[in-house]
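Visitor: Give me coordinates for this.
(one chain, ligands or ions: 2)
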Amino acid sequence: MAGPRPVVLSGPSGAGKSTLMKRLLKDYEGVFGFSVSHTTRKPRPGEEEGKDYHYTTREAMQEGIDNGDFIENAEFSGNLYGTSKSAIEDVRAQNLICILDVDIQGVRNIKKTDLDPIYISIQPPSMEILETRLRDRQTETEESLQKRLEAARQDMELSKEPGVFDVVIINDDLDKAYEELTAILIDEIKKVQEVKS
Ligand SMILES: Nc1ncnc2c1ncn2[C@@H]1O[C@H](COP(=O)(O)OP(=O)(O)OP(=O)(O)O)[C@@H](O)[C@H]1O
Ligand SMILES: Nc1nc2c(ncn2[C@@H]2O[C@H](COP(=O)(O)O)[C@@H](O)[C@H]2O)c(=O)[nH]1
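Guide: Ligands and ions are numbered 1, 2, ... in the order given. Alright, predicted model coming up:
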């Protein structure tokens, strides 16, 4: 595929992927575009259809998966999530760096495609801090929180496997983590800025 290299952000739920990504999208407007995933989970307060996710039903999503509309999909914490081919095409048609926010299953499945992204794992400093962040976010029931913490334990182990990620960023201090992220992406950012100038 031609154009700038996409970026996959992964890591446990609550590690800070969306926080870092939103800052990137704001600071580098016209450089990055978010690949809007589909999900069967309900929208959280403040989330918008078509901006944060495409909210759908399990039946409709399964039909799309069966039709080959998705490059990857995964079951996470009792819901289906997936990246549609058109979500990526929409961003790439605008010559933007496509950012995907996916779980570890998504990483493994994207590796089987020809997308060739930069793989970045965002990790929390510890399980204790992750739990505090997830609880403070107030988006989960106790049941979904426990499921996310269990998935996080597995994610934190898998992210240590050599070769899975190009870079692992520990999101302790937010500003430092953001600096690390922009430093990794600066060459791709410059390429897009040069084309647009
Ligand atoms: N470095 C940080 N220090 C303290 N709090 C943080 C830091 N980074 C993110 N947070 C907070 O932690 C919470 C989880 O962050 P965020 O929602 O970005 O995680 P996420 O990885 O995108 O989670 P999910 O995968 O569930 O969408 C948010 O309330 C956010 O404000
Ligand atoms: N494999 C995929 N994982 C995805 C996708 N979109 C989001 N996610 C991951 O799901 C969890 C939970 O997200 P939340 O918004 O409910 O907190 C998180 O790890 C995301 O990275 C996707 O399209 N495919």
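
Visitor: going forward, measure contacts and count neighbours with C-alpha atoms only.
Guide: OK.

Visitor: Not counting sequence-adjacent ones, nearest residue to residue 100?
Guide: With sequence-adjacent residues excluded and distances taken as CA to CA, 6 or more residues apart in numbering, residue 100 is closest to residue 8, at 4.8 Å.

Visitor: now do residue 50
Guide: Nearest to residue 50 is residue 36, by CA to CA, 6+ apart, at 6.7 Å.

Visitor: what does residue 39 give?
Guide: residue 81 (4.4 Å).

Visitor: likewise residue 105?
Guide: Going by CA to CA, 6+ apart, residue 105 has residue 74 as its nearest residue, at 6.3 Å.

Visitor: what packs against the one helix or strand the one you found maps to?
Guide: Per DSSP states H and E: residue 74 is located in strand 70-76. With contacts taken as 3 or more CA pairs under 8 Å, 6 or more residues apart in numbering; DSSP states H and E, strand 70-76 sits against strand 79-84, helix 104-110.

Visitor: Could you check the longest one against ligand 1 for contacts?
Guide: No - no part of helix 104-110 sits near ligand 1 under the criterion CA under 6 Å from any ligand atom; the closest distance found is 10.8 Å.

Visitor: roughly how far is the helix or strand just after that helix from the heart of the chain?
Guide: Per DSSP H and E, the first helix or strand lying C-terminal to helix 104-110 is strand 118-123. Distance of strand 118-123 from the chain centroid (CA atoms, centre = their mean, to the nearest Å) equals 9 Å.

Visitor: Report the backbone C-alpha coordinates of the helix of greatest length in the chain in PDB.
Guide: Counting by DSSP state H, the longest helix found in the chain is helix 174-196. The C-alpha coordinates for helix 174-196 follow below in PDB (Å, rounded to 0.1, in the frame of the first residue of the first chain):
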ATOM      1  CA  LEU A 174       2.200  11.600  30.500                       C
ATOM      2  CA  ASP A 175       4.400  14.400  29.000                       C
ATOM      3  CA  LYS A 176       7.400  12.100  28.900                       C
ATOM      4  CA  ALA A 177       5.400   9.300  27.300                       C
ATOM      5  CA  TYR A 178       4.100  11.800  24.700                       C
ATOM      6  CA  GLU A 179       7.600  13.000  24.000                       C
ATOM      7  CA  GLU A 180       8.800   9.400  23.400                       C
ATOM      8  CA  LEU A 181       5.800   8.800  21.100                       C
ATOM      9  CA  THR A 182       6.400  11.900  18.900                       C
ATOM     10  CA  ALA A 183      10.200  11.100  18.800                       C
ATOM     11  CA  ILE A 184       9.400   7.700  17.300                       C
ATOM     12  CA  LEU A 185       7.000   9.100  14.800                       C
ATOM     13  CA  ILE A 186       8.900  12.300  13.800                       C
ATOM     14  CA  ASP A 187      10.300  11.000  10.500                       C
ATOM     15  CA  GLU A 188       6.800   9.900   9.300                       C
ATOM     16  CA  ILE A 189       5.300  13.200  10.500                       C
ATOM     17  CA  LYS A 190       7.900  15.200   8.600                       C
ATOM     18  CA  LYS A 191       7.300  13.200   5.400                       C
ATOM     19  CA  VAL A 192       3.600  14.100   5.600                       C
ATOM     20  CA  GLN A 193       4.300  17.700   6.400                       C
ATOM     21  CA  GLU A 194       6.700  18.100   3.500                       C
ATOM     22  CA  VAL A 195       4.200  16.700   1.000                       C
ATOM     23  CA  LYS A 196       1.500  19.100   2.300                       C
END
